[in-house]
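A.B. asks: Attaching a predicted model along with its sequence, questions to come.
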Amino acid sequence: MRVFLIAGEASGDHLGADLIEALRQRNPAIECYGAGGERMLAAGQRQSLDLASHGVIGIWDVLLQFPKYLRFFSQLVKDCSALQPNAVILIDYPGFNMRFMRRIRAVLPQTKIIYYVSPQVWAWRPGRAALLQKYADLLLSILPFEEAWFKERQPALKVAWVGHPILDRLFVSRGEDRDDETTSVALLPGSREKEVRRHLPVMLAAAAIMNESRPARFICLAPNARVGALIKEIVAREVGYAIDVRVRIGYTTTHMSRCHLALVTSGTATLECAVAGTPMVVYYHVGPFTYLPGKFLIKVPYLAMVNLLLNRGAVPELIQVRARPAAMARAALDLLSNPSRMQKQREDLDRAIGLLGGPGASRRAAKEILELSY
């Protein structure tokens, strides 16, 4: 059996690697091809290209790099068509993968198409739901409310909720290694290089303000060596000797669990904080050409997944005009100085994680894919 997987971001690369391992546990002879990142490559994918290293943010970045992505798209359509796989598995990355889904359905009408991680159609661009029903054979959902959402609006689409793969990385030692003599604050500026360049200087400025009132150890967390090198470069340029800033690469949840608080860019890392039981302040800022259209298109009141799951502001969000170093430092210091609020947020994080299903999402996803494809 041959499968063709496409993931275009660091988070999707992680999900894809876990899925490849789960597929091979059920069928050791399965052959995996396509595009992903270094994790999927290490898991055994034969890659046409490393797509995950080319992540972009917003429509403006896409337009600037459109010729490059058009080349990638054409190459992957050609490679997939030549391979004629039993199944195509598209992992998140909707701007690229939704278009690929439509093209490959026309080129390989008998091939099964599985979309893994639903586009956030409940938040914006609900028209994509109809495209999924038209072109996908199976949608694998990782959020608990999505199956009912699709059943109401696109009943012909086969949807299976498999739970959230992040729970497969859950560990027992939540907070047991924290050093209460020294305040430790995790800084998570994002997984893409452009995110890091935009967010990390603001986080470091907030860290300097915090350090004046409450000296702390700041731990910058990077998902891989490439992003880690960029973080080290920015830290060396932005930070004086008055602040204790350390850079750690990989094992994000483990490092996070040893910190008292996290300043985190909105995205998958907010759920990693929740898994680690680490209270957080969520931050996000994009360019005006991305923010202004999004302001009118996004239909949900929160960005942080914890807040969306609980449908209330359980963790502070500093978005766009509120995303300033002084505001971030103030929100962080308010939490650190209020143990009861910290404990309340930890309880809310546990509630949110409890809604995501148990461990084993990748195994359940692999089972659904293989049952569909044989």
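C.D. replies: Yes, it's here. Numbering: from 1, shown residues only.
A.B. asks: Please look at Ala216 and Ala186 and confirm they touch.
C.D. replies: No - counting by C-beta atoms under 8 Å, Ala186 is not a contact partner of Ala216; they are 10.6 Å apart. Quick note: C-beta positions are derived from backbone N, CA and C, even for glycine.
A.B. asks: burial count for Leu51?
C.D. replies: Residues contacting Leu51 under the criterion other C-beta atoms under 10 Å number 24.
A.B. asks: no, scratch that, I was asking about Gly95
C.D. replies: Count around Gly95 with other C-beta under 10 Å applied: 13.
A.B. asks: Remind me which helix or strand it belongs to.
C.D. replies: Gly95 belongs to helix 94-107 when elements are defined using DSSP states H and E.
A.B. asks: How far does that helix sit from its chain's centre?
C.D. replies: Chain-centre distance of helix 94-107: 21 Å, with C-alpha atoms, centre = their mean, to the nearest Å.
A.B. asks: Just list what the next helix or strand after that helix packs against, helices and strands only.
C.D. replies: Following helix 94-107 in sequence order, the next helix or strand is strand 112-116 (DSSP H and E). Counting contacts by 3 or more C-beta pairs under 8 Å, 6 or more residues apart in numbering; DSSP states H and E, strand 112-116 packs against strand 87-91, helix 94-107, strand 138-141, helix 361-373.
A.B. asks: Please identify the most buried of the ones you listed.
C.D. replies: Among these, the stretch with the highest mean neighbour count (mean count of other C-beta atoms under 10 Å) is strand 87-91, at a mean of 25.
A.B. asks: send the alpha carbons of the lengthiest helix in the chain over as PDB?
C.D. replies: Longest helix of the chain, by residue count under DSSP state H: helix 193-213. Coordinates of each C-alpha in helix 193-213 appear next as PDB, following Å, rounded to 0.1, in the frame of the first residue of the first chain:
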ATOM      1  CA  GLU A 193      10.800  31.800  11.200                       C
ATOM      2  CA  LYS A 194       8.700  34.800  10.300                       C
ATOM      3  CA  GLU A 195       6.600  34.400  13.500                       C
ATOM      4  CA  VAL A 196       9.800  34.300  15.500                       C
ATOM      5  CA  ARG A 197      11.200  37.400  13.900                       C
ATOM      6  CA  ARG A 198       8.000  39.300  14.600                       C
ATOM      7  CA  HIS A 199       7.200  38.000  18.100                       C
ATOM      8  CA  LEU A 200      10.400  37.300  19.900                       C
ATOM      9  CA  PRO A 201      11.700  40.900  20.200                       C
ATOM     10  CA  VAL A 202       8.400  41.900  21.800                       C
ATOM     11  CA  MET A 203       8.600  39.000  24.200                       C
ATOM     12  CA  LEU A 204      12.200  39.800  25.100                       C
ATOM     13  CA  ALA A 205      11.200  43.400  25.700                       C
ATOM     14  CA  ALA A 206       8.400  42.200  28.000                       C
ATOM     15  CA  ALA A 207      10.900  40.000  29.800                       C
ATOM     16  CA  ALA A 208      13.200  43.000  30.500                       C
ATOM     17  CA  ILE A 209      10.300  44.900  32.000                       C
ATOM     18  CA  MET A 210       9.300  41.900  34.100                       C
ATOM     19  CA  ASN A 211      12.800  41.400  35.300                       C
ATOM     20  CA  GLU A 212      13.000  44.900  36.800                       C
ATOM     21  CA  SER A 213      10.100  44.000  39.200                       C
END
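A.B. asks: Figure out which of the helices and strands packed on strand 112-116 is closest to Glu317.
C.D. replies: helix 94-107 (22.7 Å; C-beta to C-beta).
A.B. asks: Taking strand 112-116 as reference, get the angle to the closest one.
C.D. replies: With axes from the mean of the first three to the mean of the last three C-alpha atoms, to 10 degrees as the basis, helix 94-107 and strand 112-116 are set at 170 degrees to each other.
A.B. asks: neighbour-wise, which of Ala216 and Ala186 wins?
C.D. replies: Applying other C-beta under 10 Å to Ala216 and Ala186 shows that Ala186 carries more neighbours, namely 27 against 22.
A.B. asks: Could you pull up the residues touching that one?
C.D. replies: If you count contacts by C-beta atoms under 8 Å, 6 or more residues apart in numbering, Ala186 has them with 218-219, 221, 255-256, 259, 261-264, 273, 278.
A.B. asks: what do you get for His164?
C.D. replies: Per C-beta under 8 Å, 6+ apart, neighbours of His164: 142-143, 271, 356-357, 361.
A.B. asks: List the buried residues for stretch 341-356?
C.D. replies: Within stretch 341-356, the residues that count as buried by 16 or more other C-beta atoms under 10 Å are 342, 345-346, 348-349, 352-353, 356.
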